[in-house]
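Peer 1: this one's structure only:
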Ligand code: KIV
């Protein structure tokens with residue numbers, strides 16, 4: 001079964017998708033062993049691993065480097081990877097970039113925005129594509145921040161139309177980021193492919209989070225919609241302090 005067939009049959013069966021991000025071998029392996037449905041090598045890499053302020057400067061080479069590490073840790077879950085900014089401006093560029101990610105071990109690629117032509121070419125070339133609509137992190141500088149989408153009727157209609165167009169172009173799933181709950185519910189009910197929400201309410205067909213947010217590993221930045229399931233920054237620092245004390249006072 002292809003990823004697309006799997007995702008559609010999960011939606012038909014009412015099986016909700018739990019997806020998380022990974023950027024390295026150990027976290028990918030732990031996610032895989034925990035039974036996660038899909039691992040995304042997100043370009044959130046820029047912020048949560050590389051210490052940048054957004055995803056804009058992440059390069060294809062950096063994504064490939066981290067994707068390869070993740071791939072080595074995963075035997076079960078599908079591995080998807082973000083096409084970083086400026087690597088899919090035309091359908092041909094998208095295809096060349098996506099092929100490099102597939103060679104490095106990706107099972108699917110994700111791209112941001114209403115770009116059905118890019119999606120069509122990738123899908124007709126045998127590549128599984130995940131769409132991403134709503135707040136688009138690669139547009140954050142132009143938008144001046146992370147703003148909720150679909151508040152006005154015209155914005156909501158445009159998002160619904162774009163979702164249907166991405167499905168028609170062949171996307172196997174659609175990430176909806178910071179989309180109004182009523183609208184994400186409507187989009188989810190109109191699509192056959194699963195919607196995967198992030199800060200978009202409970203009615204999506206699945207949810208995705210940035211793993212360090214879930215684990216409380218970066219207390220200096222927590223998106224409002226995240227309810228961390230752990231506070232790993234505290235045991236991390238405690239273990240380091242214990243080690244320092246042991247070394248200093250043998
Ligand atoms: O880059 C990323 O991590 C994402 C998300 C949807 C979490 O695109």
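Peer 2: Perfect, I can see it now. Given the structure is predicted, the values throughout are model-derived calculations rather than measurements.
Peer 1: just confirm yes or no for stretch 220-227 near the ligand.
Peer 2: No. Judged by CB under 6 Å from any ligand atom, stretch 220-227 stays clear of the ligand, getting no closer than 9.9 Å. C-betas here are computed from N, CA, C, even on glycine.
Peer 1: neighbouring contacts of that stretch?
Peer 2: Outside stretch 220-227, the residues that touch it by CB atoms under 8 Å, 6 or more residues apart in numbering are 47, 146, 178, 198-199, 209, 213-214, 228.
Peer 1: who's in contact with the closest residue to residue 83 other than its chain neighbours?
Peer 2: Counting by CB to CB, 6 or more residues apart in numbering, the nearest residue to residue 83 once its immediate chain neighbours are dropped is residue 111, at 4.7 Å. Contacts for residue 111 (CB under 8 Å, 6+ apart) come out as 82-83, 88, 94, 118-119, 129-132.
Peer 1: for the ligand, what's its nearest residue on this structure.
Peer 2: residue 42 (2.2 Å; CB to the nearest ligand atom).
Peer 1: does the ligand have contacts with the helix or strand of the chain with the lowest mean pLDDT?
Peer 2: Every helix and strand in the chain was compared by mean pLDDT, DSSP states H and E; the lowest is helix 140-143, with a mean of 94. No. Figure legend: helix 140-143 not in contact with the ligand (CB under 6 Å from any ligand atom); closest approach 11.5 Å.
Peer 1: picking up where we left off before, hang on, the residue nearest to residue 83 in a helix?
Peer 2: No. When DSSP: H, G, I helix; E, B strand; the rest coil is applied, residue 111 is found to be strand, with no helix at that position.
Peer 1: just to revisit the earlier point, which residues sit against the least confident helix or strand of the chain?
Peer 2: Residues contacting helix 140-143 (CB under 8 Å, 6+ apart): 54-56, 135-136, 146.
Peer 1: ok, of these, which one's closest to residue 155?
Peer 2: residue 135 (11.5 Å; CB to CB).
Peer 1: what about that closest one, how many residues nearby?
Peer 2: 22 (other CB atoms under 10 Å).
Peer 1: so where's this protein shaky on pLDDT?
Peer 2: Scanning the chain for pLDDT under 70 picks out nothing.
Peer 1: quick check: residues of it near the ligand?
Peer 2: So the chain meets the ligand at 21, 40, 42-44, 82, 175, 177, 198, 208, 210 (CB under 6 Å from any ligand atom).
Peer 1: at 5 Å instead, please
Peer 2: 21, 42-44, 175, 198, 208, 210 (CB under 5 Å from any ligand atom).
Peer 1: neighbour-wise, which of those leads?
Peer 2: residue 42 (30 neighbours).
Peer 1: residue 133 should be in a strand, yeah?
Peer 2: Yes. According to three-state DSSP, residue 133 belongs to a strand.
Peer 1: that one contacts residue 175, correct?
Peer 2: Yes. Assessed by CB atoms under 8 Å, residue 133 is found in contact with residue 175 at 7.4 Å.
Peer 1: all set, thanks.
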